[in-house]
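In: what follows is a predicted structure for the sequence shown.
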Amino acid sequence: MNSNDQASIEIDVFYLLRKLWSKKFFIIFIALVVGTVALLGSIFLIKPKYTSTTRIYVVSKTADNITSQDLQAGSYLVNDYKEVITSSEVLSSVIDQQKLALSTSELSDMITVDIPTDTRVISISVEDTDAQEAADIANAVREIAAEKIKAVTKVDDVTTLEAAATPKHPSSPNVKKNLALGMLVGGALAVIVILVVEVLDDRVRRPEDIEEVLGMTLLGVVPDIDKM
């Protein structure tokens, strides 16, 4: 690419940047409109959900001398505990106890089990549209799963580190995040539309357009008498 081509590209880029700057209020307007739509949709159309979390700690107390191999084996078993917690038997018992109008699959989708690396701490989170119900289900899952873990893995103790409390604020939707994302998308769409219109517009609007299309030096410009 020679220097003339590079200069031409630079002129085009600067022209588009100036065009975007001249349309800045339009871009801001579209960003505000889309952001407002996202905000109103988050408030009125999306039903808020609440997340309640309980934590348990699983440890065996039977051995007097616990070796590093025992601790490592216990860490591997934590993944087994996760499967026990989300097993159909545990979920069915929770549904019966709480009298939930849910299937085990639907309840499973509401539950998230998180196990930090190299720990035996298990976090059980439940997301529900009802804050109190989210806490009740989380505590029920903890109680029933604790007994099941003892029966299956033969551990002596499953300690409750933290009981699930009724959340005061919804975990979703994130209204501020949706507003910011809406404004970002709106602004980006406005910029794309402006650029596409300018690129596809093949009308001659500037003296430089003639030089670029015909590759000839412009001798002069005839003034528009109506604008004089």
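Out: Happy to help now that I have it. Numbers count the residues shown, from 1 in each chain.
In: Thr166 sits in which helix or strand?
Out: Remark: Thr166 resides in no helix or strand, with elements defined by DSSP states H and E.
In: wait, isn't it in contact with Gln132?
Out: Yes. Counting by C-beta atoms under 8 Å, Thr166 touches Gln132, with 5.2 Å between them. In short, each C-beta sits where N, CA and C put it, glycine included.
In: near Leu88, how many other residues are there?
Out: Actually, residue 88 is Ser. It isn't Leu. Using other C-beta atoms under 10 Å, Ser88 is surrounded by 11 other residues.
In: quick one, what contacts it?
Out: Residues near Ser88 by C-beta atoms under 8 Å, 6 or more residues apart in numbering: Thr104.
In: distance check, it against Asn79.
Out: 18 Å (C-beta to C-beta, to the nearest Å).
In: cool, Thr117 as well?
Out: Computed as C-beta to C-beta, the Thr117 to Asn79 distance reads 11 Å.
In: which one of the two is surrounded by more residues?
Out: Remark: of Thr117 and Asn79, Asn79 carries more neighbours, 10 against 6, as counted by other C-beta under 10 Å.
In: tell me the contacts of the nearest residue to that one once chain neighbours are set aside?
Out: Among residues not flanking Asn79 along the chain, Ile115 sits closest, at 7.1 Å (C-beta to C-beta, 6 or more residues apart in numbering). Contacts for Ile115 (C-beta under 8 Å, 6+ apart) come out as Val78, Asn79, Tyr81, Lys82, Val121, Ile122, Ser123.
In: helix or strand right after the helix or strand where the second one lies?
Out: Asn79 belongs to helix 68-85 when assigned by DSSP H and E. Towards the C-terminus, the helix or strand next in line after helix 68-85, according to DSSP H and E, is helix 88-98.
In: next, the buried residues of that following helix.
Out: By neighbour count on 16 or more other C-beta atoms under 10 Å, the buried set for helix 88-98 is Val90, Leu91, Ser93, Val94, Ile95.
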